[in-house]
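K.L.:
Fold the stuff below for me.
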Amino acid sequence: MGTPLYYKLLKPNKIDSGKTYPAIFLMHGMGSNEDDLLPLVHDLADSTFIFSVRGPIEQPPGYAFFTIEGFGKPHRTVFDQAIQNIISLIGEMCEEHPIDSSQIFLMGFSQGAILSMSIGLKLGQQIKGIAALSGYIPDFMKHDYRDQNLKGLSLFCSHGELDPVLPFDWANEAKDLYNQLGAKVEFHAYTVGHQVSQQNFQDFRNWLQVTIDLPK
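P.N.:
Residues are numbered from 1 along each chain as shown. As a prediction, this is how the structure comes out:
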């Protein structure tokens, strides 16, 4: 049974028989859509499966993945369903396409970053890399997965020091947790607000270049 998620797929034009490819799952921020993050990675489509997922909740002018009951507090039931939907999508796409299951990457901005880091906590070593741009980890996820083993997982975590939407300190806490659980963490701070600067983009791409193993 398919997940209730709409997504855009970019994939190699030529898929070699017997070869598997990395996969990147993109998750946008609140009020945005599946087109938002594609420009950051679209040039990798010749060698990578790229799934850009649309949140299922209407949030004009776009969509959202979950709702919130307070500052930094997602509605737990909705949040858990969002996580399960993404995990199910990953599993289905790995069965449907020639994806290297050891090369699964998550990338998100804001709500997408929150989801990406939370899914990383839940799946642990099943994920190779996460790029979390301007996000945090909800307290209930920190509590439930405080003993998870993240050794072998790589996290690129970035945040604006002047972010008026999600406090910079929350990103520091997420970074510290991933470090404590054994992940390889690269953390970047920028003198910007709730956005992805050009330097942020360049730093992310440098991280991705050394973390992803593209097929030869």
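K.L.:
Quick one: residues in contact with the helix or strand where Asn85 lies.
P.N.:
For Asn85, the host element (DSSP states H and E) is helix 76-96. Defining contact as C-beta atoms under 8 Å, 6 or more residues apart in numbering, one finds that helix 76-96 is touched by 2-5, 7, 23, 25, 27, 49, 51, 53, 55-57, 65-67, 99, 101, 104, 115, 118-119, 122-123, 138, 140. Where you see a C-beta, it was placed from the backbone N, CA and C, and this is true even at glycine.
K.L.:
got the buried residues for that helix?
P.N.:
78-80, 82-83, 85-86, 89-90, 93-94 (16 or more other C-beta atoms under 10 Å).
K.L.:
Next, please give the residue ranges for the helices of this protein.
P.N.:
Applying DSSP state H to the chain gives helices spanning 76-96, 111-123, 139-144, 168-180, 198-211.
K.L.:
Quick check: mean pLDDT of the shortest one?
P.N.:
In other words, helix 139-144. On average, the pLDDT along helix 139-144 is 96.
K.L.:
which helices and strands does that helix pack with?
P.N.:
Packing partners of helix 139-144 (3 or more C-beta pairs under 8 Å, 6 or more residues apart in numbering; DSSP states H and E): helix 111-123.
K.L.:
how far off helix 76-96 does the helix it packs on point, in degrees?
P.N.:
70 degrees (axes from the mean of the first three to the mean of the last three C-alpha atoms, to 10 degrees).
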